[in-house]
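[1] here are the coordinates; sequence isn't available:
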């Protein structure tokens, strides 16, 4: 996406394991105006990635369907594609 102004009033939702305390690093997500979704890492909150609601929905449906399970098969290693 092109560079755009990040809304100052976003409500960030942290995707942290249940019961975990501390700074992470974890991913945070915010839903903004114009069907935009913002993602950042807690360790670098000024580096924000923007996508569309439609792309975010497709990604989360893929996660639920197991389309990305191969990323977890090699614990601690980078998977080979």
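    It's in. Since the model is a prediction, treat every value here as computed from it, not as a measurement.

[2] need the helices for this structure, in chain order.
    With DSSP state H as the criterion, the chain has helices at 53-64.

[3] Show me where it dips below the pLDDT cut-off.
    Scanning the chain for pLDDT under 70 picks out 1-3, 74-81.

[4] In it, which strand is the longest?
    The residue-count maximum for a strand in the chain (DSSP state E) belongs to strand 44-52.

[5] Show me what that strand is packed against.
    Packed against strand 44-52 by the contact rule (3 or more C-beta pairs under 8 Å, 6 or more residues apart in numbering; DSSP states H and E) you find strand 36-41. C-beta: built from backbone N, CA, C; applies to glycine.

[6] Kindly calculate the angle that the strand it packs on makes with helix 53-64.
    Interaxial angle, strand 36-41 versus helix 53-64 (axes from the mean of the first three to the mean of the last three C-alpha atoms, to 10 degrees): 50 degrees.

[7] And the contacts of strand 36-41?
    6, 10, 12, 24-32, 46-53, 55-56 (C-beta atoms under 8 Å, 6 or more residues apart in numbering).

[8] buried ones in it?
    The neighbour-count check on strand 36-41 (16 or more other C-beta atoms under 10 Å) flags 36-40 as buried.
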